[in-house]
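Engineer: Okay, predicted coordinates and the sequence, questions at the end:
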Amino acid sequence: CAFKAQNGHCTVSTHDAQNVSLGQWVHKQRMRCKKNALSSERIEQLNSTGFNWDPLEHAWSEMFDQLCVFKAQAGHYIASRNGE
């Protein structure tokens with residue numbers, strides 16, 4: 001996929017000014033999947049690219065991973081807001 005090759009991920013935002021139509025298409029695929037209106041072949045194709053089905057869950061997981069790294073380095077979970 002060209003977008004993934006260029007950006008390193010498949011999370012296309014509907015707010016991305018450079019990829020408006022792609023962002024809308026991605027959103028439609030997510031909605032169609034939730035409504036069971038997307039064929040298993042298309043789901044498989046999208047999965048093979050690393051397609052992000054739930055950007056909010058993905059963002060949460062990334063922040064959780066960062067918290068785990070912080071804990072491993074600092075020995076605690078008390079992260080300050082200003083990075084100190």
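Structural biologist: Alright, I've got the coordinates.

Engineer: Is it correct that Val26 is in contact with His15?
Structural biologist: No. Between Val26 and His15 there is no contact under CB atoms under 8 Å: 11.8 Å. Every residue, glycine included, has its C-beta placed from N, CA and C.

Engineer: And those two? Which one has more around it.
Structural biologist: Val26 (23 against 8; other CB atoms under 10 Å).

Engineer: tell me the secondary structure for the more buried one?
Structural biologist: Secondary structure, DSSP: H, G, I helix; E, B strand; the rest coil: Val26 is helix.

Engineer: That one and Ile78, how far apart?
Structural biologist: For Val26, the distance to Ile78 (CB to CB, to the nearest Å) stands at 37 Å.

Engineer: CA atoms only for the helix-or-strand element of the chain with minimal mean pLDDT - export them in PDB, please.
Structural biologist: Among the helical and strand segments of the chain, the one scoring lowest on mean pLDDT, DSSP states H and E is helix 2-7, with a mean of 89. Backbone C-alpha positions of helix 2-7 (Å, rounded to 0.1, in the frame of the first residue of the first chain) are rendered in PDB as follows:
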ATOM      1  CA  ALA A   2       1.300   3.400  -1.000                       C
ATOM      2  CA  PHE A   3       0.100   5.200   2.100                       C
ATOM      3  CA  LYS A   4       1.700   2.700   4.500                       C
ATOM      4  CA  ALA A   5       5.000   2.700   2.500                       C
ATOM      5  CA  GLN A   6       5.100   6.500   2.800                       C
ATOM      6  CA  ASN A   7       3.800   6.800   6.400                       C
END
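
Engineer: For that helix, which residues meet the burial criterion?
Structural biologist: Counting neighbours by 16 or more other CB atoms under 10 Å, one finds that the buried residues in helix 2-7 are Phe3.

Engineer: can you pull out the helices in the chain?
Structural biologist: 2-7, 20-34, 40-48, 55-74 (DSSP state H).

Engineer: just those: most buried one?
Structural biologist: Across the helices of the chain, averaging neighbours per residue (mean count of other CB atoms under 10 Å) puts helix 20-34 on top, at a mean of 14.

Engineer: relative to helix 55-74, how tilted is that helix?
Structural biologist: With axes from the mean of the first three to the mean of the last three CA atoms, to 10 degrees applied, the angle from helix 20-34 to helix 55-74 works out at 100 degrees.
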